[in-house]
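Asks: Could you look at this predicted model? Sequence included:
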Amino acid sequence: MPKINGNEIRPGNILEHDGGLWVAVKVAHVKPGKGGAFAQVEMKNLRNGSKLNERFRSADKVERVRLEQKDQQFLFENDGMLVFMDSETFEQIELPSDILGERRPFLQDGMTVTVEYYDDEALSMSLPEKVTCTIAETEPAVKGQTAANSFKPAVLDNGVRIMVPPFVGQGEAVIINTETMEYSERA
């Protein structure tokens, strides 16, 4: 594991600190009038989700961890466990469905996701950036409502509520950004 100085920590870095794996969420470099400079780092635990604020001086050494990323294909869900197949070795693994959190409804059959591993432990999963969904229900367009950024509520076929432009109708396929969980464009 490479060790980095405390002032080299960047948002998104994964660190081994106090026996846990942490992702740096926010990093602020502080230069007080008296004393040495330090990095104020807000970290989130990858295993249990707890948060921690820590100060690192430039002389402090921290272990930077590299996670192994593997593409996995989603097969099916069984009793709250998601079953995936490794696209290279064809091994099947089971992961808890709460690993995706609020993005779980966007997981579709046969979808390829990226799972990040530390040794053999799956820590996080990322969906493709854009997913195609169908509008299950929405209000009809109101004539004359052409304001630049007017949106109307809609429910997707997976049950997620989003806001869509007025020209999008029921039964249309739309592309959703899985990072922001917002409408992106028509499919």
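Replies: Happy to help now that I have it. Numbering: from 1, shown residues only.
Asks: and the chain, what are its domains?
Replies: Taking automatic domain parsing as the domain assignment, the ranges for the chain are 3-64, 68-126, 130-186.
Asks: Any chance of CSV for those, columns mean pLDDT?
Replies: Listed next are those as CSV, based on pLDDT from 0 to 100:
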stretch, mean pLDDT
domain 3-64, 90
domain 68-126, 88
domain 130-186, 86
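Asks: Using TSV, lay out these together with mean neighbour count.
Replies: Bear in mind the C-beta positions are built from the backbone N, C-alpha and C, glycine included. Converted to TSV, those look like this (neighbours: other CB atoms under 10 Å):
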stretch	mean neighbour count
domain 3-64	14
domain 68-126	14
domain 130-186	14
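Asks: Hmm, residue 82 is touching residue 98, no?
Replies: No - using CB atoms under 8 Å, residue 82 is not in contact with residue 98, being 9.6 Å away.
Asks: Check the gap between residue 55 and residue 33 for me.
Replies: Distance, residue 55 to residue 33, by CB to CB, to the nearest Å: 16 Å.
Asks: Same question for residue 57.
Replies: 16 Å.
Asks: Could you look up the SS state of the residue of the chain positioned farthest from its centre?
Replies: In terms of distance from the mean C-alpha position of the chain, residue 34 ranks first, at 39.1 Å (CA atoms, centre = their mean). Counting by DSSP: H, G, I helix; E, B strand; the rest coil, the backbone at residue 34 sits in coil.
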